[in-house]
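Engineer: turn this into a model:
(chains A, B, C and D)
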Number of protein chains: 2
Amino acid sequence: MRGPVIEKSALANEPLPQYQRLKVHIARQIEAGRLKPGQRIPSEQELVREFSVSRMTVSRALNDLEQDGAITRIQGVGSFVSTGKAESALLEIRDIAKEIADRGQTHSSRPLHIAEERGSSINALLGLDADAACYHTVLLHLADGQPVQVEDRWVNPRFAPKYIAQDFNRTTPHRYLMSLAPLQAAEHVFEADLPTPEVAGWLGIPKNTPCTILRRRTWSLNLVASVATLVTASHRSRYAGIFGSLPPLAKALPRL
Amino acid sequence: MRGPVIEKSALANEPLPQYQRLKVHIARQIEAGRLKPGQRIPSEQELVREFSVSRMTVSRALNDLEQDGAITRIQGVGSFVSTGKAESALLEIRDIAKEIADRGQTHSSRPLHIAEERGSSINALLGLDADAACYHTVLLHLADGQPVQVEDRWVNPRFAPKYIAQDFNRTTPHRYLMSLAPLQAAEHVFEADLPTPEVAGWLGIPKNTPCTILRRRTWSLNLVASVATLVTASHRSRYAGIFGSLPPLAKALPRL
DNA sequence: TGACTAGACTTGTCTAGACAAGTAGTTTTG
DNA sequence: CAAAACTACTTGTCTAGACAAGTCTAGTCA
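Structural biologist: Presented below is the predicted three-dimensional model:
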């Protein structure tokens, strides 16, 4: 097919199979707000005609998007952009600014460290050579002026060569990275611990406050986009996720 | 097709589409040890012949199993049972006895509470009527005699009518439930908190020790199988997960 | 005005085939 | 003996069509 044109980012010229291109196209429209939560997306038949692909190709793309939590499909009704409530762990990786806004609070962030670092020990996790450069930022996220989370993040310059030039007083790393390409996959590790004295100081919490420690590696366009560690006081954090294929009954039950 | 026969459990007679029946069949063989980690599973062509289904049907089943983390597929080579290292959050829901054994320790458990309860507040989460009966067990899991985790679990009698009759000195709830049917989906919520005095006492930890609190609802055969809360001292727990489709490069990088 | 039905739409599942891309083992060649 | 080529397998992707199952809306009838 002529297919949806994927906008530029690093290595975006690498060809993707058609079903993946369609996924990226729809994911981008959702991310950009052109398809809003709750809105019906074009039917399979409409997408077949629009992109000159087979219905199985469309179905594969939409099934994957549903698995990712980006959309919800209902037999006989249609496919809809998922609403704000998280139905998938992938979608759970939301912009902290949005999480805070959804609670009726105002997000702000204070950059504590912004640097290009060469030969970082994190390079192996980023898929970079040992002596390569990567970007490292440390941000304090606040809600209504109150510290809620410390974000320690390394970013792959091959994916986001202009990352270091962004103004993180005005945007968040997540929002910027997602503007380049939608998430393809994420790995995370969840632990609980007490904060280091430095982090406890930044968060303004007693040093014996349990915190959630979430380490996350995100992938886009077949590259590691970033590796991040997020430290949040426990009373302010709750990570939810869904795996496998929930049956329709799941929609009718109260959330865990 | 004649199709793989799904062994009996509650409501197992409910028909499933062929691709799901094939998934269940293969998942059962893995769970039962008839297909071992690292072992190659029959090729798509072999499964087409064996079950008299189309290759698309087989491919759909195997793709879903890969998404679930149960198997790994390599173009041109074959499909293999995933090795012990978790590659998917769904597979991450492992038997705690096995986790402890994998650390070279001996698992044991002490039942603290076993009862049938009527009118539990958990019934809504289980998908049961408000005044229905459900099963409730509280177990202390130990490694080499040392307490590591408190498991608070409610089980749906429609899925596991004989649950309450099991000897949890000899098996674990997880192992028993998985023997009835493989996991279809799981929802979880991760939090961090200090333990209650009662739980701190059971775990033998100081009351200011941060703990991971994992709440989980599992689905099998389109039913809620159980709802569980697992409390683990932080130095003993680490939950990992993968979402979306990792590219092949992910296999070559160190784990997060 | 309400109930029922038919039609038109949707997604869910399945079949059969084709070609691409990748891999591993075997055979041939230098 | 090593390298190259070939063969036979594997999974990856795509097409086209069919039928099932579900939903919604409009029209008809009592």
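
Engineer: in which helix or strand would I find A:Leu142?
Structural biologist: Assigned by DSSP states H and E, A:Leu142 falls within strand A:133-143.

Engineer: so what are the sheet partners of that strand and their directions?
Structural biologist: The strands that strand A:133-143 pairs with in its sheet are strand A:107-118 (antiparallel), strand A:146-155 (antiparallel) (by DSSP bridges).

Engineer: so A:Val231 makes contact with A:Leu203?
Structural biologist: Yes: with contact defined as Cβ atoms under 8 Å, A:Val231 counts as touching A:Leu203 (7.4 Å). C-beta coordinates here come from the backbone N, C-alpha and C atoms, glycine included.

Engineer: quick check: neighbours shared by these two?
Structural biologist: Common neighbours of A:Val231 and A:Leu203 (criterion: Cβ atoms under 8 Å, 6 or more residues apart in numbering or on different chains): A:149-150, A:195, A:211.

Engineer: return the member of the residues you listed nearest to DNA strand D.
Structural biologist: Nearest to DNA strand D, judged by Cβ to the nearest atom of the strand, of these is A:Gln149 at 35.9 Å.

Engineer: please report the distance of that closest one from A:Thr212.
Structural biologist: A:Gln149 is 9 Å from A:Thr212, where distance means Cβ to Cβ, to the nearest Å.

Engineer: what does A:Phe190 give?
Structural biologist: Here the criterion is Cβ to Cβ. By it, A:Phe190 lies 7 Å from A:Thr212.

Engineer: before we move on, what about A:Phe80?
Structural biologist: A:Phe80 sits 31 Å away from A:Thr212, going by Cβ to Cβ.

Engineer: picking up where we left off before, tabulate the strands paired with strand A:133-143 (a markdown table), appending distance to B:Val224.
Structural biologist: Formatted as a markdown table, those follow (distance: least, Cβ to Cβ, whole Å):
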| stretch | distance to B:Val224 |
| --- | --- |
| strand A:107-118 | 36 |
| strand A:146-155 | 32 |
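
Engineer: most tightly surrounded among these?
Structural biologist: The highest average neighbour count among these, using mean count of other Cβ atoms under 10 Å in any protein chain shown, belongs to strand A:146-155 at a mean of 21.

Engineer: export the following helix or strand past it as CSV, just CAs?
Structural biologist: Once the chain leaves strand A:146-155, the next helix or strand it forms, by DSSP H and E, is helix A:173-180. What follows is helix A:173-180, C-alpha atoms only, in CSV (Å, rounded to 0.1, in the frame of the first residue of the first chain):
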residue,chain,number,x,y,z
PRO,A,173,10.7,14.2,29.1
HIS,A,174,7.9,11.8,28.5
ARG,A,175,5.8,14.2,26.5
TYR,A,176,8.8,15.2,24.4
LEU,A,177,9.9,11.6,23.7
MET,A,178,6.3,10.5,22.9
SER,A,179,6.1,13.3,20.4
LEU,A,180,8.9,11.7,18.4
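
Engineer: does helix A:173-180 come close to chain B?
Structural biologist: No: judged by Cβ under 8 Å from any Cβ of the partner chain, helix A:173-180 makes no contact with chain B; its nearest approach is 13.4 Å.

Engineer: relative orientation of the next helix-or-strand element following that helix and strand B:185-193 in degrees?
Structural biologist: For helix A:173-180, the succeeding helix or strand toward the C-terminus, using DSSP H and E, is strand A:185-193. Here strand A:185-193 points in a direction 40 degrees away from that of strand B:185-193 (axes from the mean of the first three to the mean of the last three Cα atoms, to 10 degrees).

Engineer: any part of strand A:185-193 near chain B?
Structural biologist: Yes: among the residues of strand A:185-193, A:185-193 lie within reach of chain B under Cβ under 8 Å from any Cβ.

Engineer: export the residues you listed to JSON lines and tack on distance to A:Leu22, neighbour count and pLDDT?
Structural biologist: JSON lines is the format used below for these (distance: Cβ to Cβ, whole Å; neighbours: other Cβ atoms under 10 Å in any protein chain shown; pLDDT from 0 to 100):
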{"residue": "A:Ala185", "distance to A:Leu22": "17", "neighbour count": "20", "pLDDT": "75"}
{"residue": "A:Ala186", "distance to A:Leu22": "21", "neighbour count": "22", "pLDDT": "78"}
{"residue": "A:Glu187", "distance to A:Leu22": "25", "neighbour count": "24", "pLDDT": "79"}
{"residue": "A:His188", "distance to A:Leu22": "27", "neighbour count": "24", "pLDDT": "76"}
{"residue": "A:Val189", "distance to A:Leu22": "31", "neighbour count": "16", "pLDDT": "79"}
{"residue": "A:Phe190", "distance to A:Leu22": "32", "neighbour count": "23", "pLDDT": "78"}
{"residue": "A:Glu191", "distance to A:Leu22": "37", "neighbour count": "19", "pLDDT": "81"}
{"residue": "A:Ala192", "distance to A:Leu22": "40", "neighbour count": "27", "pLDDT": "83"}
{"residue": "A:Asp193", "distance to A:Leu22": "42", "neighbour count": "16", "pLDDT": "85"}
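
Engineer: which one of those residues is nearest to DNA strand D?
Structural biologist: The nearest member of those to DNA strand D, counting by Cβ to the nearest atom of the strand, is A:Ala185 at 13.7 Å.

Engineer: can you tell me how far that closest one sits from A:Gly201?
Structural biologist: Applying Cβ to Cβ, one obtains 34 Å for the distance of A:Ala185 from A:Gly201.

Engineer: and what of A:Leu47?
Structural biologist: Distance, A:Leu47 to A:Gly201, by Cβ to Cβ: 52 Å.

Engineer: same check on A:Gln39?
Structural biologist: 44 Å.

Engineer: okay, A:Leu47 and A:Gly201: which has more neighbours?
Structural biologist: Remark: of A:Leu47 and A:Gly201, A:Leu47 carries more neighbours, 22 against 12, as counted by other Cβ atoms under 10 Å in any protein chain shown.

Engineer: quick one: that one is in a strand?
Structural biologist: No: under DSSP: H, G, I helix; E, B strand; the rest coil, A:Leu47 sits outside any strand and is assigned helix.

Engineer: surely it meets A:Ser59?
Structural biologist: No: if you go by Cβ under 8 Å, A:Leu47 and A:Ser59 don't touch, sitting 9.4 Å apart.

Engineer: what residues does chain A have near DNA strand D?
Structural biologist: Selection of chain A residues close to DNA strand D by Cβ under 7 Å from any atom of the strand yields A:1, A:17-20, A:52-57, A:60, A:74-77.

Engineer: same thing but 10 Å
Structural biologist: Along chain A, the residues adjacent to DNA strand D under the rule Cβ under 10 Å from any atom of the strand are A:1, A:3, A:15-23, A:44, A:48, A:51-61, A:64, A:74-78, A:248.

Engineer: around DNA strand C, pick out the residues from the stretch 51-200 of chain A.
Structural biologist: Selection of the stretch 51-200 of chain A residues close to DNA strand C by Cβ under 10 Å from any atom of the strand yields A:54-56, A:58-60, A:62-63, A:66, A:71-80.

Engineer: next up, the contacts around A:Thr106.
Structural biologist: A:Thr106 makes contact with A:100, A:143-144, according to Cβ under 8 Å, 6+ apart.

Engineer: buried subset of the residues you listed?
Structural biologist: Neighbour-count burial (16 or more other Cβ atoms under 10 Å in any protein chain shown) is assigned, among these, to A:100, A:143.

Engineer: out of the contacts of A:Thr106, which is nearest to DNA strand C?
Structural biologist: Within the contacts of A:Thr106, the smallest distance to DNA strand C is 33.4 Å, found for A:Ile100 (Cβ to the nearest atom of the strand).
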